[in-house]
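Student: starting from these lines, generate the structure:
(4 chains)
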2 protein chains.
Amino acid sequence: MAYEDKLFAALADPTRRAIFEHVAGRRQSVAELARVMPVSQPAISQHLKVLKEARLVRDEASGARRIYSIDPEGLGPLRAWLDRFWSDQLAAFKAVVETADDS
Amino acid sequence: MAYEDKLFAALADPTRRAIFEHVAGRRQSVAELARVMPVSQPAISQHLKVLKEARLVRDEASGARRIYSIDPEGLGPLRAWLDRFWSDQLAAFKAVVETADDS
DNA sequence: ACTTATAATAAGTCATGGCTTATGAAGATA
DNA sequence: TATCTTCATAAGCCATGACTTATTATAAGT
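Tutor: Numbering: from 1, shown residues only, chains lettered A, B, ... in the order given. As a prediction, the model looks like this:
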């Protein structure tokens, strides 16, 4: 599976996005997430695995716990993808405006 | 289903993303897309329906054809979502730097 | 009018994915 | 050592979704 595919797929699920947003707000353990989210601990672990493979989060051992935090570079590729269309659309918009000026 | 959910879900499928990128490159009909993509015409129509409900594309009748084009505002919410974390991460990074300055 | 082209919808198949409970491994605590 | 916590993995269930072929509707061309 291509990397970009993993990134978009990881963000597609609402529960997983919620977990990501929690982790982005504050680094925390699996148990903490399980306490606040409406799914079981294994479900949390499974989501975190997907997020990790998409490089959206990192994990770090801390005794028996495992602390998850956001991966600062993880959203870079998403932004890059987005900017591709952003500039395209700006160019297209500009072209329309300039065509209108010709009239 | 919430709007944001539809947006992310629409972009999750690689085939659908490819269709979106084609349409973004040049406005075109369903048949044109079906010619270049490795799936059937109904599959294309189904994907376009999802993209349209996510407000990523628009359609316009042109005789028997239906021309699909990108919806310029469609990616706005995605960018807004992204920027939320972008500034968060910048703030976090700044905090780390300033803490380092204190030492 | 008849045929061809275009595209949407219906119905059915099949794989994937998100969830559960059960379990085991590794660390902390008594 | 024994227990408790934390977390990951295994296995199974079930809904969803991406695809197919078949069909229908509408418009264009002859």
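Student: can you pull the residues of chain A lying near DNA strand C?
Tutor: A:9, A:12-13, A:15-16, A:39-40, A:42-43, A:46-47, A:50, A:63-64 (Cβ under 7 Å from any atom of the strand). Yep, even glycine has a C-beta here, placed from its N, CA and C like the rest.
Student: these, buried ones only, as a PyMOL selection?
Tutor: Burial among the residues of chain A next to DNA strand C is assessed by 16 or more other Cβ atoms under 10 Å in any protein chain shown; the matching PyMOL selection reads:
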select buried, chain A and resi 9+12+13+16+43+47+50
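Student: near DNA strand D, from the residues of chain A next to DNA strand C?
Tutor: Within the residues of chain A next to DNA strand C, those near DNA strand D by Cβ under 7 Å from any atom of the strand are A:42, A:46, A:64.
Student: quick one: which of those is nearest to chain B?
Tutor: A:Q46 (17.0 Å; Cβ to the nearest Cβ).
Student: residues touching A:D5, list them.
Tutor: A:D5 is in contact with B:P14, counting by Cβ atoms under 8 Å, 6 or more residues apart in numbering or on different chains.
Student: again, only using 10 Å
Tutor: A:54, B:12-14, B:17 (Cβ atoms under 10 Å, 6 or more residues apart in numbering or on different chains).
Student: show me those that map onto helices.
Tutor: Taking DSSP state H, the ones among the contacts of A:D5 that sit in helices are B:12, B:14, B:17.
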